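Visitor: the sequence and its predicted three-dimensional model are supplied below.
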Amino acid sequence: NNREKFYQVMKAYLTIHSIGAIGIVVTLFLAFILSRVPYQLKHPTPTHYFQQSAVSSLIIVFMSMGLGAFAGLQFFVYHGWFQFKNSWFFAYTLAATAGLIMIPAILSSSNFPYWYYYIDTVVLVVIYVSLCFMFGYLARRDAPFKERIKDGILILLTEALVAATALIYGMLLLRVYVGLSQYNKLLWRVFAHPLYFEALMMVPNRLLLTR
């Protein structure tokens, strides 16, 4: 009945927000730890300005936690533990996370200027794109092959939209936010910020999940 449906929806929202709150606490703690690390050399030169090992560690943490672990957690929230375990997405997530840790570590330990050729960016894009595709492809193992391919492509397109809107917000709109007065910044956080991400990030995900 309607009451049972209401409780199911509220339970789902409570679960999602609880996991989100835990993620926020962990992220804030991790951000605090990373902010304590000295990334600049004490005696920089025009060609050597950053602590290479510290910057490499930051890249590894960002790639493994922000991409690999996030994709696994997202699949678990959407589909539950049973499907997460039986779909083998957890194994693919572990493999992708290991790659996001090992490849940057190997590159940073060499003297090759990988950053100049955007090799780290290519590694990030290739692994995360494959993660997004497998997210959809492995979600319904009993579905026909073409349907699974379609699911993988839809998830990939949705995540691409999410990434694009986040980049636009961070690179362009935050410049507008910085120039506002304190009162307008408060209004921005209350209205503009949630509306932007709800319309361009959450709505596409909901349409995909409920199609």
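Guide: Looks like it arrived, so ask away.

Visitor: can you point out the buried residues in the helix or strand hosting S108?
Guide: Here S108 sits within helix 89-109, counting by DSSP states H and E. For helix 89-109, the neighbour count (16 or more other CB atoms under 10 Å) marks 89-90, 92-93, 96-97, 99-101, 103-104, 107-108 as buried. From N, CA and C alone the C-beta is placed, and that goes for glycine too.

Visitor: could you pull out the helices for this protein?
Guide: Using DSSP state H, the helices of the chain run over 2-35, 52-63, 70-86, 89-109, 119-137, 145-168, 174-178, 182-187, 193-197, 203-209.

Visitor: got the angle for the fourth one vs helix 52-63?
Guide: Here the directions of helix 89-109 and helix 52-63 differ by 160 degrees (axes from the mean of the first three to the mean of the last three CA atoms, to 10 degrees).

Visitor: look up how far T27 lies from L34.
Guide: Distance, L34 to T27, using CB to CB, to the nearest Å: 10 Å.

Visitor: could the helices of the chain go into TSV alongside distance to H43 and mean pLDDT?
Guide: Formatted as TSV, the helices of the chain follow (distance: least, CB to CB, whole Å; pLDDT from 0 to 100):
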stretch	distance to H43	mean pLDDT
helix 2-35	22	83
helix 52-63	15	78
helix 70-86	37	79
helix 89-109	21	84
helix 119-137	26	86
helix 145-168	35	85
helix 174-178	32	89
helix 182-187	38	91
helix 193-197	41	86
helix 203-209	48	70
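
Visitor: returning to that earlier point: quick one: list the elements packing against the helix holding S108.
Guide: Packing partners of helix 89-109 (3 or more CB pairs under 8 Å, 6 or more residues apart in numbering; DSSP states H and E): helix 52-63, helix 70-86, helix 119-137.
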